[in-house]
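Undergrad: Coordinates for the following, if possible.
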Amino acid sequence: MRTIGFSTGALAYADFRGGVGMLRGKSIHAIELSALRQKELLPMLRGLDELDLSQFNYIAVHAPSEFSKEDEREIVMMLLTVSQRGWPVVLHPDTIHDFSLWRELGKLLCIENMDKRKPRGRTSLELSYIFSSLPEASFCFDIAHARQVDSTMTEAYFILKDFGPRLRQLHVSEVNTRSKHDPLSLASILAFQEVADLIPEYIPLILETPVPAEQIEAEMERAREALPVHEQAFAY
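TA: All right, here's what the predicted structure looks like:
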C-alpha cells in the first residue's frame, strides 16, 4: 500500500503547526512542512525541535516559492539545516538564481516540475536542463502540474520515464485553470491512473488538496484510487 500524507500548507494556510495538528492521531505517516512564503521559513525552522513529528516516517520541507537573488544564499543556508536532518527540500526550479548554491544540498534537493504559468521546469526537456546543472538532485513529481501542462498525460509519461530514477515523492491534487490546487475529481483520478504503473509503491504521495479535517480520510482514498499499485509496476 502506498504511503500517503499531506502538505501542511494545503490543510492550514501559512500555519505549519495547525497542519501537523490536523494529522495528529490519524494513520498518516508522511508529511511535507510547507514554507511557501519566505516569511514562513525562519519561524518554521525555529519551531522544529518543539514539534512532535514522531508519527511520520517520511518528512519533507517545501522551500519558499519566491525570493530575490540577494536573499538566495541565506535561504540555502537555512535549508541546509533541514538537509542535515536527512529531510528532502522541495524546490521550484524557477526560483533558482545561482545553481552552485543549491548543489550544497546534494541528493536531498528535490526539484519539482512546474505548472503552465512558470517559465521553466514544465516539461521533460526543460527539466533536463535543470538536472544537468544539479546532477545529484532528486525529483518531486507534481502529477497535477503535468496534467495541466498536457491533459493527455503524454508529458507526464515522458517525465516519469526520463526522471524516474530520481523520483523521491509525488505531489497529488487537481490543479484548476487558475493554477490553484483543488481536491481530486473523477477526471483527475482517471487521468492519473494512466501513469500509475510508472510510480513505484514505495514513493510517498503528498496531497496538496485543501480539504477540511473531516475529509482527510476520504481524500486519501481518492488518491489511492487515482494511483493504484500494480503488480508489475515499473522498477527503477
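Undergrad: For the chain, just list every one of the helices.
TA: 8-11, 16-23, 38-47, 69-83, 99-102, 124-133, 143-149, 154-163, 186-193, 216-226 (DSSP state H).
Undergrad: Just the buried residues of the second one, please?
TA: In terms of neighbour count (16 or more other CB atoms under 10 Å), helix 16-23 has its buried residues at 16, 19, 20, 21, 22, 23. In this view, the C-beta of every residue, glycine as well, is placed from N, C-alpha and C.
Undergrad: Which residue is the nearest non-sequential neighbour of residue 81?
TA: Excluding the flanking residues, the one nearest residue 81 by CB to CB, 6 or more residues apart in numbering is residue 45, at 6.2 Å.
Undergrad: Now mean pLDDT and distance to residue 175 too, for the helices of the chain, in JSON lines please.
TA: JSON lines is the format used below for those (pLDDT from 0 to 100; distance: least, CB to CB, whole Å):
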{"stretch": "helix 8-11", "mean pLDDT": "97", "distance to residue 175": "12"}
{"stretch": "helix 16-23", "mean pLDDT": "97", "distance to residue 175": "20"}
{"stretch": "helix 38-47", "mean pLDDT": "97", "distance to residue 175": "21"}
{"stretch": "helix 69-83", "mean pLDDT": "98", "distance to residue 175": "25"}
{"stretch": "helix 99-102", "mean pLDDT": "98", "distance to residue 175": "25"}
{"stretch": "helix 124-133", "mean pLDDT": "98", "distance to residue 175": "17"}
{"stretch": "helix 143-149", "mean pLDDT": "97", "distance to residue 175": "4"}
{"stretch": "helix 154-163", "mean pLDDT": "98", "distance to residue 175": "12"}
{"stretch": "helix 186-193", "mean pLDDT": "98", "distance to residue 175": "9"}
{"stretch": "helix 216-226", "mean pLDDT": "97", "distance to residue 175": "14"}
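Undergrad: tell me the centre residue of this protein?
TA: The centre of the chain sits closest to residue 171, judged by CA atoms, centre = their mean, with a distance of 4.2 Å.
Undergrad: The closest residue to it other than its chain neighbours: how many residues sit nearby?
TA: Leaving aside its sequence neighbours, residue 171 sits nearest to residue 142 (CB to CB, 6+ apart; 3.9 Å). The number of residues packed near residue 142 is 27, by other CB atoms under 10 Å.
Undergrad: Take stretch 193-200, keep the C-alpha atoms, and write them as CSV.
TA: Provided in CSV are the C-alpha atoms of stretch 193-200 (Å, rounded to 0.1, in the frame of the first residue of the first chain):
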residue,chain,number,x,y,z
GLN,A,193,-4.4,6.1,-13.4
GLU,A,194,-2.9,6.3,-16.9
VAL,A,195,0.6,6.6,-15.4
ALA,A,196,0.2,4.9,-12.1
ASP,A,197,2.2,1.9,-13.2
LEU,A,198,5.3,4.1,-13.6
ILE,A,199,5.3,5.1,-9.9
PRO,A,200,6.8,2.5,-7.5
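Undergrad: Done for today, thanks.
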